[in-house]
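Asks: my questions concern the predicted model and sequence given below.
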Amino acid sequence: MHTTTAGSTTARDLLHSLVDHGYTLATGVPCSLLTGAFRLLEEPGDDARLAGLRYVPAPREDSAIGIASGAVVAGERAVVLMQNSGLGYSLNVITSLNLIYDVPVLLIVSWRGHDGNDAVEHDVIGAELLNLLDLFRLPHTVLDPTDPAGSVSTAIDQMDKEQRCSVLIVREGI
């Protein structure tokens, strides 16, 4: 998927906001809607602000949550990037580790199938994503592409207040 200039700018602003909030570790499993963010994490180029945000690729979403959770327990701020089907796959880890032991991790989740116009498997979870997050009492914010920093701040504030994983939902490609 080709990321537009606006999407690239949104991805950069989102990642800069994470750094501004003290995030030092990013991990996850690539998704086409998050291409710009993953591209910047893999190759930050001369962007000095992103130099302090190290990226650890993960083979699966549950592994990414484990990596991030370990970093959080060690005192770092960590974020996991994934698509919503990966979130569904990871619910056991979230419930048996993060929610039981109060290990809040920020999750940036692409909302594949939100409009019912994606592959069938994405449409199923896309239609129910918000209900699923509510069921597990995971606070969530939909990314405002005109104010990525504000959206990141809202998601982090929810996470810090509730001491639960918080989900920043990305509807459009960044």
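Replies: Okay, I see it.
Asks: from here on, just use CA atoms for contacts and neighbour counts.
Replies: Noted.
Asks: tell me where this structure has helices.
Replies: Here the chain has its helices, by DSSP state H, at 5-20, 35-42, 61-73, 84-93, 120-135, 148-162.
Asks: mind giving me the packing neighbours of the shortest one?
Replies: For helix 35-42, the contact count by 3 or more C-alpha pairs under 8 Å, 6 or more residues apart in numbering; DSSP states H and E identifies helix 5-20, strand 54-57 as packing neighbours.
Asks: at 7 Å instead, please
Replies: Judged by 3 or more C-alpha pairs under 7 Å, 6 or more residues apart in numbering; DSSP states H and E, helix 35-42 is in contact with helix 5-20.
Asks: distance between the helix it packs on and the chain's centre?
Replies: For helix 5-20, the gap between its own C-alpha mean and the chain's C-alpha mean amounts to 13 Å (C-alpha atoms, centre = their mean, to the nearest Å).
Asks: and it, what's buried?
Replies: Using 16 or more other C-alpha atoms under 10 Å as the test for burial, helix 5-20 gives 7-19.
Asks: again, but for stretch 132-149
Replies: Those buried within stretch 132-149 under the rule 16+ other C-alpha under 10 Å are Leu132, Leu133, Leu138, Pro139, His140, Thr141, Val142, Leu143, Asp144, Pro145, Pro148, Ala149.
Asks: now do that stretch: distance to the chain's middle.
Replies: 10 Å.
Asks: give me the contacts around that stretch.
Replies: 10, 13-14, 17, 151, 155, 158, 164-170 (C-alpha atoms under 7 Å, 6 or more residues apart in numbering).
Asks: I'd say Ser110 and Met82 touch.
Replies: Yes. In this structure Ser110 lies within contact range of Met82 using C-alpha atoms under 7 Å: 6.4 Å.
Asks: ok, now which ones touch Leu25?
Replies: Leu25 neighbours (C-alpha under 7 Å, 6+ apart): Leu53, Arg54, Tyr55, Arg77, Ala78, Val79.
Asks: where does pLDDT dip in the protein?
Replies: By pLDDT under 70, the low-scoring segments of the chain are 1-5.
Asks: the same query, at a cut-off of 90, please.
Replies: 1-8, 115-124 (pLDDT under 90).
Asks: what residue in it is the furthest from its centre?
Replies: When each C-alpha in the chain is compared with the mean C-alpha position (C-alpha atoms, centre = their mean), Asp46 comes out farthest, at 23.4 Å.
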